[in-house]
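Visitor: What follows is a predicted structure for the sequence shown.
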Amino acid sequence: MHSLPYSAPPDTGLDVVHADAALLVLNKPGGLLSVPGRGPGKDDCLARRAQAVYPDALIVHRLDMETSGLIVLARGAEMQRRLSAAFQSRQVDKGYVAVVDGRLAEAAGTIDLPLVADWPNRPRQKVDHELGKPSLTRWRRLAYDPAQDATRVALAPETGRSHQLRVHLLALGHPILGDALYAPPAAQAKAPRLLLHADTLAFAHPQNGAPLAFACPAPF
């Protein structure tokens, strides 16, 4: 089992993108857990930091510790129930940006590979055509950097499996730069952190159904 050391980034205050009586949209820094982790020393997380300011804040979905970007928290149990249902029924449009190793030959594509937990190597996930759950990612090439031999891509996951984007891009032969769990050493060494950021979110407001859309540019 892989257990990465956890050192939460300094608490410089919440980066609040949106706040109202029903929900919060925050920009999570890379390196911060979404919820408390297992084991000692893993209590510092976005949920705890949010609750220190907004005591009724409840987690709805998660971003990987290493991933930065937009995350929604509900205010109160009823809003949590409604927002969770929207995520589970795929009524939320999520967009990510990543920088991956190598040059993507196509301009855009779809990765349709079933994923399952790689139990002996937790928390890793793997492609498994027999036991895996259906997982679909759409991607679009944004720019190629010949100096770094790396491609910036826009990603739209249709499903929300654990580590989906990281494993799908690895399976495509283009691991995300700085990925300590999945990238080979050369691709890991090209970036000081995982270059994956949740940059757009769109969904209906859980109280009145009004369309909400948020954008947060990547810090890399």
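Guide: Ah, there it is. Numbering: from 1, shown residues only.
Visitor: from here on, contacts and neighbour counts on C-alpha atoms
Guide: Noted.
Visitor: Name all residues that make contact with the residue nearest the centre of the chain.
Guide: For the chain, the residue sitting closest to the mean C-alpha position, by Cα atoms, centre = their mean, is Leu63 at 3.9 Å. Contacts for Leu63 (Cα atoms under 8 Å, 6 or more residues apart in numbering) come out as Leu33, Ser34, Ile71.
Visitor: where in this protein is pLDDT low?
Guide: Within the chain, the stretches with pLDDT under 70 are 1-4.
Visitor: Let me see the ranges of the strands in the chain.
Guide: Secondary structure of the chain by DSSP state E: the strands cover 16-19, 23-28, 57-59, 68-75, 93-101, 108-112, 115-117, 125-127, 136-145, 150-157, 196-204, 211-215.
Visitor: Save the ones you listed as JSON lines, and put in mean neighbour count and distance to Ala86 too.
Guide: Shown next, in JSON lines, are these (neighbours: other Cα atoms under 10 Å; distance: least, Cα to Cα, whole Å):
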{"stretch": "strand 16-19", "mean neighbour count": "14", "distance to Ala86": "18"}
{"stretch": "strand 23-28", "mean neighbour count": "22", "distance to Ala86": "13"}
{"stretch": "strand 57-59", "mean neighbour count": "23", "distance to Ala86": "14"}
{"stretch": "strand 68-75", "mean neighbour count": "25", "distance to Ala86": "12"}
{"stretch": "strand 93-101", "mean neighbour count": "24", "distance to Ala86": "10"}
{"stretch": "strand 108-112", "mean neighbour count": "14", "distance to Ala86": "22"}
{"stretch": "strand 115-117", "mean neighbour count": "21", "distance to Ala86": "22"}
{"stretch": "strand 125-127", "mean neighbour count": "21", "distance to Ala86": "25"}
{"stretch": "strand 136-145", "mean neighbour count": "17", "distance to Ala86": "18"}
{"stretch": "strand 150-157", "mean neighbour count": "21", "distance to Ala86": "15"}
{"stretch": "strand 196-204", "mean neighbour count": "22", "distance to Ala86": "8"}
{"stretch": "strand 211-215", "mean neighbour count": "13", "distance to Ala86": "13"}
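Visitor: can you count the residues close to Pro36?
Guide: 16 (other Cα atoms under 10 Å).
Visitor: Please read the previous query as pertaining to His163.
Guide: One way to gauge burial is a neighbour count; for His163, by other Cα under 10 Å, it gives 18.
Visitor: hang on, it packs against Asp64?
Guide: Yes: at 7.3 Å, His163 and Asp64 qualify as touching, with contact defined as Cα atoms under 8 Å.
Visitor: one step back: pipe the strands of the chain into TSV and attach distance to Leu170 per row.
Guide: Converted to TSV, the strands of the chain look like this (distance: least, Cα to Cα, whole Å):
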stretch	distance to Leu170
strand 16-19	31
strand 23-28	24
strand 57-59	28
strand 68-75	19
strand 93-101	9
strand 108-112	11
strand 115-117	12
strand 125-127	10
strand 136-145	12
strand 150-157	13
strand 196-204	13
strand 211-215	26
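Visitor: of those, which approaches Pro5 most closely?
Guide: strand 68-75 (17.7 Å; Cα to Cα).
Visitor: now what about that closest one, what contacts it?
Guide: 21-31, 54, 56-63, 80, 83, 196-201, 215-216, 218.
Visitor: Export only the CA atoms of that strand, formatted as PDB.
Guide: Extracted in PDB, the C-alpha atoms of strand 68-75 (Å, rounded to 0.1, in the frame of the first residue of the first chain):
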ATOM      1  CA  SER A  68      -6.500  22.000  -7.100                       C
ATOM      2  CA  GLY A  69      -9.500  23.900  -8.100                       C
ATOM      3  CA  LEU A  70     -13.300  24.300  -7.800                       C
ATOM      4  CA  ILE A  71     -15.100  22.300  -5.100                       C
ATOM      5  CA  VAL A  72     -18.700  22.600  -3.900                       C
ATOM      6  CA  LEU A  73     -19.800  22.400  -0.300                       C
ATOM      7  CA  ALA A  74     -23.400  22.500   0.800                       C
ATOM      8  CA  ARG A  75     -24.800  24.500   3.700                       C
END
